[in-house]
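**Q** Pasting the sequence and the predicted coordinates here, then a few questions.
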Amino acid sequence: MFVYLAIALVIAFVVWFRKEPRSIWPGVLFTFSFFATIAAIVLAVATAFSLIAAPLVTLFVVVWMAVLASAPLVLGGFLVINMFIVWRKEGRSAAALTSGFIGAALFAYTGVFYFSVLSSLTDRQLSDVEVYFVAAFPTVVYIGLAFVCFIVYTVFYEWYFTRFGERPDAVIVLGAQVRDRDNLTPLLRSRVDHGIKVAEKAIEKGKDTILVFSGGQGPDEPCPESEAMARYAIAQGVDPSRVIVEDRSRTTEENLKFSAELLQGREDVPDNPWIAVASSDYHAFRGALMMRKAGLRGFATGARTARYFWPSAKVREFVAIVVDHKWPVLAVLGLSILAGIIMSDFSTPA
């Protein structure tokens, strides 16, 4: 059963990924095909060696319950880790404490839920609080699974296009805060270095690739981010004739819009160019979603960032993507709440 499900999910993922990888839905298919494949292997091994003397349907239910239970724990783990990272790097704060509290609550919730479910099998009547816990299970699992899908697919997306992305006609490097016009921050320098690397690989393959450095000047910055990036890139040996400076943007959406406008009409750039957006690894997938929304062809790729920064950055990116897709998220959330109400009815004795 799991084998056929895994094959169907893998095929669906491959078809959708080839058609449009810059979407949250291939991520859902990728994650569930991954889980289904693991479950199929577990069931095959258990059946072959007679490790579990239980009906296949029972195994099916047990495995999927384990998968569902792991989802809130992944999110909870990220939130707790984020709290300790922020405390160590930035000191204790209310935001960090809230992150840790929510993470710990997810662990506690999962434990209470499964205790309630298992104890109910002994005909013990559930308390009102336990019934509420059962009712909340679909919603908690939905949030946890959404986060797992986000983590698994974005890591895959970043890995795939960093290594196998088609050579671009132009590379748009997204800006970040500038504190010193002559010395880029490590994060911004990594983005520029990554953009240069992507462009150089394309040039080696015969492309006449252009580098667009995109970023305006904030009120606390000594110069436009794009100017600082371009100055650094030229100092690294980049041909100035391949450099375009876009210095009006204030957001990622404006980065893409204004950069695309500068590319239009250039003789050395095709009419409908294939573009690579260079950002940080944690932000690459959201940049890809924005590319699709802006109607740009291509992919986003990310420069590696400090590992201590990655968990908290991923949590923020997840929240941002949820806000960007609030209506489908709210629709599924409503269905999960309805499922919880139905579960609570079954959990309440007549």
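**A** Yes, it's here.
**Q** where do the helices sit along this structure?
**A** With DSSP state H, the ranges of helices along the chain come out as 2-19, 24-48, 56-90, 94-120, 128-164, 186-204, 225-235, 252-263, 284-294, 310-324, 326-347.
**Q** Would you quantify the distance from Asn183 to Val323?
**A** 34 Å (C-beta to C-beta, to the nearest Å). For glycine as for every other residue, the C-beta is placed from the backbone atoms N, C-alpha and C.
**Q** ditto for Pro168
**A** Pro168 sits 29 Å away from Val323, going by C-beta to C-beta.
**Q** Show me which of these two is the more surrounded one.
**A** Legend: neighbour count by other C-beta atoms under 10 Å for Pro168 and Val323, higher for Pro168 (24 against 9).
**Q** Same list (the helices of the chain) but as a markdown table, adding distance to Ala276 and mean pLDDT.
**A** Formatted as a markdown table, the helices of the chain follow (distance: least, C-beta to C-beta, whole Å; pLDDT from 0 to 100):
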| stretch | distance to Ala276 | mean pLDDT |
| --- | --- | --- |
| helix 2-19 | 18 | 88 |
| helix 24-48 | 19 | 80 |
| helix 56-90 | 28 | 75 |
| helix 94-120 | 33 | 81 |
| helix 128-164 | 8 | 88 |
| helix 186-204 | 5 | 95 |
| helix 225-235 | 15 | 96 |
| helix 252-263 | 12 | 95 |
| helix 284-294 | 10 | 95 |
| helix 310-324 | 19 | 87 |
| helix 326-347 | 28 | 84 |
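**Q** which stretch among those helices comes nearest Arg242?
**A** Among the helices of the chain, helix 186-204 comes nearest to Arg242, with 7.4 Å by C-beta to C-beta.
**Q** Now tell me what touches that closest one from outside.
**A** Applying C-beta atoms under 8 Å, 6 or more residues apart in numbering, the set of residues contacting helix 186-204 from outside is 165, 167-169, 171-178, 184, 209-211, 213, 225, 228-229, 232-233, 236, 238, 242, 276, 278-280, 301-306.
**Q** Wait, Phe113 touches Ala135, no?
**A** No. Counting by C-beta atoms under 8 Å, Phe113 does not reach Ala135; the two are 10.3 Å apart.
**Q** Let me see the domain layout of this structure.
**A** The chain resolves into domains spanning 2-155+325-347, 165-305 when parsed by automatic domain parsing.
**Q** got the helices of the chain as a markdown table, with distance to Asp271 columns?
**A** Putting these into a markdown table (distance: least, C-beta to C-beta, whole Å) gives the following:
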| stretch | distance to Asp271 |
| --- | --- |
| helix 2-19 | 22 |
| helix 24-48 | 28 |
| helix 56-90 | 43 |
| helix 94-120 | 46 |
| helix 128-164 | 23 |
| helix 186-204 | 18 |
| helix 225-235 | 24 |
| helix 252-263 | 10 |
| helix 284-294 | 16 |
| helix 310-324 | 29 |
| helix 326-347 | 33 |
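**Q** For Gln217, which of the ones you listed is the nearest?
**A** Gln217 lies closest, by C-beta to C-beta, to one member of the helices of the chain: helix 225-235, at 7.1 Å.
**Q** relative to helix 252-263, how tilted is that closest one?
**A** Angle of helix 225-235 versus helix 252-263, following axes from the mean of the first three to the mean of the last three C-alpha atoms, to 10 degrees, is 60 degrees.
**Q** Buried residues in helix 225-235, which are they?
**A** Neighbour counts over helix 225-235 (16 or more other C-beta atoms under 10 Å) mark Glu225, Ser226, Glu227, Ala228, Met229, Ala230, Arg231, Tyr232, Ala233 as buried.
**Q** If we ignore the residues flanking it in sequence, what's nearest Ile102?
**A** Computed as C-beta to C-beta, 6 or more residues apart in numbering, the closest residue to Ile102 that is not its neighbour in sequence is Leu79, at 5.3 Å.
**Q** residues contacting that neighbour?
**A** By C-beta under 8 Å, 6+ apart, the residues touching Leu79 are Ser99, Gly100, Ile102, Gly103, Leu106, Val315.
**Q** Quick check: Ile81 touching Pro311?
**A** Yes. The pair Ile81 and Pro311 passes the contact test of C-beta under 8 Å, sitting 4.9 Å apart.
**Q** out of those two, which sits in the more crowded spot?
**A** Taking neighbours as other C-beta under 10 Å, Ile81 and Pro311 compare with Pro311 leading, 22 against 18.
**Q** how close does that one get to Arg231?
**A** Distance of Pro311 to Arg231, given as C-beta to C-beta: 33 Å.
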